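S.K.: Structure for this input, please:
(chains A and B)
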Amino acid sequence: MPPMAYPKVTSAHNAGNVPASPRFPEIETQVLDYWKKDGTFQASIDNRDAGRDGENEFVFYDGPPFANGLPHYGHLLTGYVKDIVPRYQTMRGKRVERRFGWDTHGLPAELEAMRQLGLKTTDEIAEMGIDKFNAASRASVLKYTGEWRDYVTRQARWVDFDNDYKTLNPDYMESVIWAFKTLHDKGLVYEGFRVLPYCWQDETPLSNHELRMDDDVYKERQDPAVTVGYALDATGEDEVLDGAHILIWTTTPWTLPSNLAVMVGSDIDYVVVEGPVPGTDATAKYVLAEARLAAYQKELFPEAEEATVLGRYKGSELLGRTYQPPFSYYAGHANAFRVVAADDAVTTTDGTGVVHTAGAFGEVDKEITDRENIEAVMPVGKDGRFTAPVVDYAGVQVFDANLQIIDHLKAVTRGTAGGSVTAGTILLRRESYNHSYPHCWRCRQPLIYKGVSSWFVEVTKIKDRMLELNQQIRWVPEHIQDGQFGKWLENARDWSITRNRFWGSPVPVWKSDDPAYPRLDVYGSFAELERDFGTLPKDAEGNPDLHRPYVDDLVRPNPDDPTGKSMMRRVSDVLDVWFDSGSMSFAQNHVPFENEEWFQHHFPGDFIVEYIGQTRGWFYTLHILATALFDRPAFSSCISHGIVLGSDGQKMSKSLRNYPDVNEVFDRDGADAMRWFLMSSPILRGGNLVVTEQGIRDSVRQVMIPLWNSWYFFQLYANAADLETTGSTTSKDPLDRYVLAKLRDYVAEMTSAMDDYYVAEACEATQRFIDVLTNWYIRRSRERFWNEDKAAFDTLYTVLETVTRLVAPLLPLTTEEIWRGLTGGRSVHLADYPVVGDLPADGDLVARMDAVRAVCSSTSALRKARKLRNRLPLGGLTVVGADIAGFEEIVADEVNVKSVRLLAADSDEAGTYGIEQRLAVNARAAGPRLGKDVQKAIKGAKSGDWSVDESGQVVAGGLALVEGEYTLETVAGAATDDIAVSMLGTSSGAGGFIVLDTVVTPDLAAEGLARDLVRAVQQARKDSGLNVEDRITLSVTGSETVRQAATTHAELIARETLATTYDVVDSLDGNPVDLGDGEKAQIAVAKA
RNA sequence: GCGCUUAUAGCUCAGACGGUUAGAGCACCACACUGAUAAUGUGGGGGUCGGAGGUUCAAGUCCUCCUAAGCGCACCA
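M.R.: Numbers count the residues shown, from 1 in each chain, chains lettered A, B, ... in the order given. Below is the predicted model:
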C-alpha cells in the first residue's frame, strides 16, 4: 500500500477500490446508510443559521398527500422536485426546514373504514358509535405511512418525518377552526344549500373527484322520459295562452312531485298548437318550442302535415305566467309555479324547449330557483326514499316511484283518479330514454342529484383580490398564471366547505336547538370552548380532541333563552378535507396560537410544487384562505408539473402494467437515474412524460456513467501518482484554463437555471459540460496525467469537486459518493454551492479552443472523405482565418499531422487554395427597401448572377445592394489530389477554412504502419490480460514493407508498448492481424 | 359546447423580433478511433414543420377555420 495515496477515499467500503463499472443501486444504499448514521440531513439544516427574524430561511411547503395507498410515479416526481429545490437552497446558504405532511381526514378514509367494518349506511355508523368508526378511519389513513417513508427515503428525498404535521393533530385542527371563525367574523362564510351527486345506497354525497374516479362511472342507462303538460292559469289577457298546457320533458319523473317552476329560453320561439289529449276524445292547447314541434308530430298532429299554430311567443313573453303544478303537495309555495328564464340551461336539442325544475335536484335548478326566491323543497330522505309531504309515494325509492308516478299521470290525463296529481295535468308522451348517467363507483347504483345543506366560503366576494394577489406569484410554467389558474379564479364560485360526515375537523358552530330563542356561536380555539363549556372536548384517554363525537358532547344552555330550556348544540357537519389542506400554510405551525411572530416574516412561503391539477385543488384552497385571512398570496413561487404517463402513452394503470415497477427501477438503475430521467424531461414545464425503462437507463448511460468514469480516471491515476492535491485554479496550461473557464460558464448557467426553477435546463447544461470534460479535456489531457503533471491533477480535482457540488441536488447519491471520495469531507450537501467568482474567466481562450475543436472536427471529416485513416500521419494542415494561435500542437496531435500552419484570411497564399466568395443577401435588411425585388437579388446571389465592382459596389440579379444588405462569405473551392479543403462550421470559425495536405509520402506511410503495429500490440497485450505497466518481449513480422516500417520506427514501437526486447523477424507463427494500406502483420507478445 | 396547453425527423424536444438550405440529443447504418470509458469521433439515411385558406417581397413563426391529443370547465332536464 502506498503511503496515503491521493485521493483519500474515505468511505470504508471502497477505500482504494473505486469500481470501474459501478453498480449504482449498491452505491446508493451505502450512501443512504451513511446519511442515516451520520445525521447528515439534520446537519444540513443545523449548519445554516436562520438569521435575524429568520431572514435566512427558505420556506418550503410540503403539500400533504393522502396516504391510503402506495406512492406512484406522480408522487415520486413531485418528491424529487421537493428535494432538489431545498437541497439547492441549502447549498446556497439558506436554512430550509422540511416537514412532511399528511392529509388524514375525509371521505376516502371513511369509505375504507366502512369497507373494513362492513358498514353500508350512516345509520349503521351512528349505531356502531362514531368513536369506534373514527378510530377505524384514523387507522386506515395511517396504514401506509411506513411504506411512504420507505419510498421517500429510498428516492433520497430529505424530509423530516419525525417532526411531521398531520391534519388530525389537535394543534392543526385548532388552527383550522380558528380560520373558520376568522372567516365568519369577516363575514366570509354563510350557510346555504348545495346540490351534489348523491348515492342513496351509501348515503353520502360524492365529490366531483369521485365522479371521475372510474371511466365507467358514467354508464348508459335507460330511464323513462315523460312529456307532461301543466295547465297555464288564465289571466284573461291572452285567450290563446289561457288554459294552454305548457309541455315539459324530463328523464326523472320522480322529481315531478317537487316541481317548483318551469324554465324557458328568452330568445327561443314558442308556439301554441292544438292537439288531442291522449286516451280521450278531447283536445287541448299545448305550448312548446317551435323547433321541437316536428318531434311531437305523432302526438300533436297525427293526421296533418303541419300543426295549426294558434300563436307564437318569444320565451321572454311567457315569463311570469303561472300554472297548476303537476302535484299539489306544495300548493301555495311562495313565488313558485311560474315560467322563469334560464337562457343558458334551456336548449331545443331535446324535449320540448321547456324545462321543469325541482329546485333541490339539480345544480342549475337550484341556481334558478334561488334567483327567483323560490325556497327549495326536499321530500326525499337520505336513503333516497320519499318522505312527507309526498304521501302517495312515502317510503318508495325514487327510481321505483317513477312508474307509479307515470301511472298516476296517465290516469289523470284520462280523467280518472291518480293520487295527488293535479287535475288537468296531461301526460302527452312516455318513452324510454338512453343516456349516459353517473353511477356510484362503489355500489354501482345510479346516483341522484340532491340538495344538502352546507357552509360556504364566499369566494365571489374576494375574487378580485385573489386575482390581484395571483399576479404576485411566480408560476412555472408561466402560462398557468393567467391560464389555467387565472381562468379558474375568474370563474370561481363560492366554496362549499362542509360535509355531513364523521371523520374531519368539526364545523365549530353551535346553534340553539329552539328556533324560538335563536343563537349561533362560532368558536376558534380550545380556550374559547373551555371558557363557555367549562371543559375541553376530550377523547377516551382524556386528551383534548376536536374530533367527533367528543366535540359533539359539548352542550350548554342557551344564554339567550330565559326559560333555560333550549340548549346550544354543535351543528353536526365536519369540514371538507380541502379546508384542512388549504389551511396548511399556517396550521402546520399552529398559527396564530404559536409562531405568530415567525409567521409574519415567513408568509407567503417561498416555494411549492404539485401537479397541474392542483390549480383547482391545493393551490386554489391555499390561495383562498391566504387571501381571505391574511390578504397575501400563500406562496411566491409554484411549479405545476405535468402528468406521468405509462410507456404506451396512456394513463398509468396497474391492471395494464404499462409502466416499470418503481422498486425494480430502484434496484436495477437506482434512484438517481430515475431522478435524472424525470427532472431532465419537459414535465416540469407543464408537458406530460412517458415513462419507459429505456429512458431511465439512458440517463444512466448518458450522464451518470460519464461522470463516474471521470472520477474513476482521476482516482486511478492520482492513486498511482501518489500525489497530494487540494485543487487549484492557477494552472497556466491552456487546456486547464479552458476547462476552468468552461466550468465558470457552467456555474453561471446552473445558478441561473436553478434560481428560476428551470430544472431541465440545469440538466441540459450539465450534460453539455460533462461532454466537454470527458470528450475533450480528459481525452486531450491523458498524457499529462500519465506523466504526473501536478497542474493537471489540481485542475481535474477542482473541476470534479466543483461539478459534484453543482450537480449535488440533481444526483444527490452519486455525487455524494464521488465528492466524499475526492475530498474526504463529510457531505457534499453540507458544502456551499459554487459561485462564478471561484473560477477564472477567459472568454477569448474559450472562443479559440472552440475554434480548435471545429478545426479538428472538420479535419476528421476530410480524412473520412479521402479515406485516410487517423493513424496515418499527414504532412500538414493549414488553418485559414481561424484564431487558434497557441494550440497548433493540440490540433497536430488530435488530427495526426506533422505540422499546423496558421494563415490570415486575407493573405495572398490563402487566395491560392481555390477559395471562392459567396454573396448572401441579408433579406431582413434589404427586404423592406427592395420589396418584391428582394427575391430577384436573392435569386441572383444564389445562381451566381452577381458581381462586385472596383468601388466595392455589389450588384445581385441586376440590383445594387447597399452596405449591410449583404455579406460576402468565403467558401471552399475545388480541391486537388494533393490537398483537401473544408470550411469551418462553427460561429467561432466562421469564414475560416482548413487545407489538408493529403500527399502520403513513403515515410508517412511507414509511420502509419508503425502506429498500426503499436495498436495491434496493445490489443494483443489487452487480450492476454497484461496490466498497463507490465513489460513485454515483442517480435513482429510481415511483408517487406511492414518489416521496413517496423524497423525504422523500432524505438516508437518499443516505447509505446513497453517492450524490453523488440525484434523484427523473418517469420512467426500465429494469425496475421490487419494493418492499414492492406498490409498484414504477425506479432508475438510475452510478458518480460 | 367553452377554455387552456400541445402538434416540427423513428423518439424527446429547440427553433427572440416573420428573412429564404428547419436544428439538437437519442435511436439506426457505415467507417474511424480506443490501455479511464458499457465510451468517443466522422459521415449517412431520415421532415409536404397536423390540415386548409389568408396576410406579406418573404410564413415553422402572424391571422382565420378545421383536425387530433392532454388537461380543465360546463352539460347530461
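S.K.: Spatially central residue in chain A, please.
M.R.: Taking CA atoms, centre = their mean, the centroid of chain A lies closest to A:H641, which sits 1.8 Å from it.
S.K.: near RNA strand B, which residues of the stretch 801-950 of chain A show up?
M.R.: Residues of the stretch 801-950 of chain A lying near RNA strand B by CB under 7 Å from any atom of the strand: A:857, A:860-861, A:864, A:869-871, A:922-924, A:927-928, A:931-932, A:934-935, A:938, A:942. C-beta coordinates here come from the backbone N, C-alpha and C atoms, glycine included.
S.K.: how far away is A:F58 from RNA strand B?
M.R.: Using CB to the nearest atom of the strand, to the nearest Å, A:F58 is found at 28 Å from RNA strand B.
S.K.: Specify the beta-bridge partners of the residue nearest to the centre of chain A.
M.R.: In this structure, A:H641 bridges to A:Y611 when assessed by DSSP bridges.
S.K.: Give me the pLDDT value at it.
M.R.: Per-residue confidence (pLDDT) for A:H641: 84.
S.K.: what do you get for A:L868?
M.R.: pLDDT recorded at A:L868 is 86.
S.K.: buried residues in the helix or strand containing A:S454?
M.R.: Using DSSP states H and E, A:S454 sits in strand A:448-457. The neighbour-count check on strand A:448-457 (16 or more other CB atoms under 10 Å) flags A:I448, A:Y449, A:K450, A:G451, A:V452, A:S454, A:W455, A:F456, A:V457 as buried.
S.K.: what would the residues you listed look like in JSON lines with distance to RNA strand B and pLDDT?
M.R.: Output for the buried residues of strand A:448-457, formatted as JSON lines (distance: CB to the nearest atom of the strand, whole Å; pLDDT from 0 to 100):
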{"residue": "A:I448", "distance to RNA strand B": "10", "pLDDT": "86"}
{"residue": "A:Y449", "distance to RNA strand B": "8", "pLDDT": "85"}
{"residue": "A:K450", "distance to RNA strand B": "13", "pLDDT": "84"}
{"residue": "A:G451", "distance to RNA strand B": "14", "pLDDT": "82"}
{"residue": "A:V452", "distance to RNA strand B": "17", "pLDDT": "79"}
{"residue": "A:S454", "distance to RNA strand B": "15", "pLDDT": "82"}
{"residue": "A:W455", "distance to RNA strand B": "19", "pLDDT": "87"}
{"residue": "A:F456", "distance to RNA strand B": "15", "pLDDT": "86"}
{"residue": "A:V457", "distance to RNA strand B": "16", "pLDDT": "89"}
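S.K.: For the residues you listed, which two are the farthest from each other?
M.R.: Greatest spatial distance in the buried residues of strand A:448-457: A:I448 and A:V457, 26.1 Å, computed using CB to CB.
S.K.: Select the longest helix from chain A.
M.R.: The residue-count maximum for a helix in chain A (DSSP state H) belongs to helix A:843-866.
S.K.: quick one: contacts of that helix?
M.R.: A:734-735, A:737-738, A:741-742, A:745, A:776, A:868-870, A:874, A:877, A:879, A:882-887, A:890-891, A:894-895, A:897, A:980, A:982-986, A:988-989, A:992, A:994, A:996, A:998 (CB atoms under 8 Å, 6 or more residues apart in numbering).
S.K.: Give me the buried subset of the residues you listed.
M.R.: A:734-735, A:737-738, A:741-742, A:745, A:776, A:868, A:870, A:874, A:877, A:879, A:882-884, A:887, A:890-891, A:894-895, A:897, A:980, A:982-984, A:986, A:988-989, A:992, A:994, A:996, A:998.
S.K.: Among these, which ones are in helices?
M.R.: Counting by DSSP H, those place A:P734, A:L735, A:R737, A:Y738, A:A741, A:K742, A:D745, A:I890, A:V891, A:E894, A:V895 in helices.
S.K.: Is it correct that the third one is in contact with A:D842?
M.R.: Yes: with contacts counted by CB atoms under 8 Å, A:R737 reaches A:D842, the gap being 5.8 Å.
S.K.: Up against RNA strand B, what does the stretch 401-550 of chain A have?
M.R.: Residues of the stretch 401-550 of chain A lying near RNA strand B (CB under 7 Å from any atom of the strand): A:H435, A:S436, A:Y437, A:P438, A:H479, A:G483, A:Q484, A:K487, A:W488, A:N491.
S.K.: still on that earlier bit, and the buried ones among the residues of the stretch 801-950 of chain A next to RNA strand B, selectable in PyMOL?
M.R.: In PyMOL, a selection of the buried entries from those looks like this (16+ other CB under 10 Å):
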select buried, chain A and resi 857+870+871+927+934+938
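S.K.: what's the burial count for the nearest residue to A:V644 once chain neighbours are set aside?
M.R.: With CB to CB, 6 or more residues apart in numbering as the measure, A:Y73 is the residue that lies nearest to A:V644, at 4.2 Å, once sequence neighbours are left out. Neighbour count of A:Y73, defined by other CB atoms under 10 Å: 20.
S.K.: A:Y73 contacts A:Y659, correct?
M.R.: Yes: if you go by CB under 8 Å, A:Y73 and A:Y659 touch, sitting 6.7 Å apart.
S.K.: Distance-wise, check the residue of the stretch 151-300 of chain A found nearest RNA strand B relative to A:F361.
M.R.: Taking CB to the nearest atom of the strand, RNA strand B has its nearest neighbour within the stretch 151-300 of chain A at A:T250, 3.0 Å off. Counting by CB to CB, to the nearest Å, the gap from A:T250 to A:F361 is 10 Å.
S.K.: which of these two has more neighbours?
M.R.: A:F361 (25 against 22).
S.K.: What residues does the more buried one make contact with?
M.R.: By CB under 8 Å, 6+ apart, the contact list for A:F361 reads A:V195, A:T252, A:T255, A:S258, A:I448, A:Y449, A:K450, A:G451.
S.K.: Can you pull out the low-pLDDT segments for chain A?
M.R.: Applying pLDDT under 70 to chain A picks out residues A:1-17, A:207-217, A:219-220, A:441-442, A:647-658, A:686-687, A:914-916, A:969-978, A:983-991.
S.K.: so is A:V262 in a helix, a strand, or just coil?
M.R.: strand (DSSP: H, G, I helix; E, B strand; the rest coil).
S.K.: again, but for A:R569
M.R.: Relying on three-state DSSP, one would call A:R569 strand.
S.K.: Say whether RNA strand B is contacted by stretch A:716-727.
M.R.: Yes: Stretch A:716-727 lies within reach of RNA strand B by CB under 7 Å from any atom of the strand, at A:L716.
S.K.: So which bits of that stretch are buried?
M.R.: So, applying 16+ other CB under 10 Å, buried residues of stretch A:716-727: A:Y717, A:A718, A:N719, A:A721, A:L723, A:T725, A:G727.
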